[in-house]
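Colleague: only the shape, not the letters, is given here:
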């Protein structure tokens, strides 16, 4: 990161801090103390978040960073959206995910009207669920390659159409946790249950899962693959 971009970045941090940490008027001594303490927590989280971002940005190749985009209003808005969510969670894994998204954005700006939607989803799911999504995305890509090269009959059904036990064992979850995670992903339209489409009442739900186009686009956003 060059010196001009670094100055702009520091100004951005100050500006965002003033916006996010603006104090809500108290309605009494207890409420006043609560908001003061809450703002202090958010302030510490914000400083820690951007300190870590700066460390990671300093280690990046300057040629990888879109310097013009870095000082744009669009990036300012996006950084503010990230920060508002990062300072309201105590989950370290979610904070790491938000850092990754912001660093990816600095290198490859993601053009979509669904950024805020994807950030909301990121706030609501965990890394295990992202692992599950990545698994089904890889399964779909492998299935497509198999169907192109030799037809699905030789291996595709062992992928996305695999049994419940196969999928949960492959991912390392017990059945109850796996079902809980995938049901939540289905409810968010990131996965879909093909059994519903087949109208096959003899098959257990959530055994033939596939990733949706919406789920694929979400992964492109959170993993930093905008061009795939």
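Modeller: Perfect, thanks for sending it. Remember, predicted model here, so these are calculated numbers, not experimental data. Numbers count the residues shown, from 1 in each chain.
Colleague: pretty sure residue 41 is in a helix, no?
Modeller: Yes: per DSSP: H, G, I helix; E, B strand; the rest coil, residue 41 lies within a helix segment.
Colleague: pLDDT score assigned to it?
Modeller: Residue 41 carries a pLDDT score of 81 in this model.
Colleague: how about the helices in the chain?
Modeller: Secondary structure of the chain (DSSP state H): helices located at 3-20, 29-58, 67-70, 73-86, 92-107, 115-124, 127-149, 164-171, 175-187, 194-198, 213-223.
Colleague: domains of this structure?
Modeller: What automatic domain parsing lists as the domains of the chain is 3-109, 127-223.
Colleague: gap between the two ends of the shortest one?
Modeller: End-to-end distance for domain 127-223: 12 Å, by C-alpha to C-alpha, to the nearest Å.
Colleague: start at 586, not 1
Modeller: I'll keep to 586 as the first residue from here, and by that count the last item is domain 712-808.
Colleague: mean confidence score for that domain?
Modeller: 77.
Colleague: stretch 689-696 now?
Modeller: 89.
Colleague: give me the distance between the two termini of that stretch.
Modeller: Terminal-residue distance, stretch 689-696 (C-alpha to C-alpha): 12 Å.
Colleague: was I right to think residue 763 contacts residue 756?
Modeller: Yes: counting by C-beta atoms under 8 Å, residue 756 is a contact partner of residue 763 at 6.8 Å. C-beta: built from backbone N, CA, C; applies to glycine.
Colleague: closest to residue 790 out of the helices of the chain?
Modeller: Across the helices of the chain, residue 790 has its closest neighbour in helix 779-783 (5.9 Å, C-beta to C-beta).
Colleague: now for residue 763 and residue 756: what residues contact both?
Modeller: With contacts taken as C-beta atoms under 8 Å, 6 or more residues apart in numbering, the residues that reach both residue 763 and residue 756 are residue 717.
Colleague: who's more crowded, the two?
Modeller: residue 763 (20 against 17; other C-beta atoms under 10 Å).
Colleague: for that one, give its distance to residue 640.
Modeller: The gap separating residue 763 from residue 640 is 36 Å, by C-beta to C-beta, to the nearest Å.
Colleague: can you count the residues close to residue 644?
Modeller: 8.
Colleague: how far away is it from residue 668?
Modeller: 21 Å.
Colleague: before we move on, back to that, how about the helices of the chain in JSON lines, adding distance to residue 790?
Modeller: Formatted as JSON lines, those follow (distance: least, C-beta to C-beta, whole Å):
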{"stretch": "helix 588-605", "distance to residue 790": "42"}
{"stretch": "helix 614-643", "distance to residue 790": "39"}
{"stretch": "helix 652-655", "distance to residue 790": "44"}
{"stretch": "helix 658-671", "distance to residue 790": "32"}
{"stretch": "helix 677-692", "distance to residue 790": "28"}
{"stretch": "helix 700-709", "distance to residue 790": "22"}
{"stretch": "helix 712-734", "distance to residue 790": "16"}
{"stretch": "helix 749-756", "distance to residue 790": "9"}
{"stretch": "helix 760-772", "distance to residue 790": "9"}
{"stretch": "helix 779-783", "distance to residue 790": "6"}
{"stretch": "helix 798-808", "distance to residue 790": "18"}
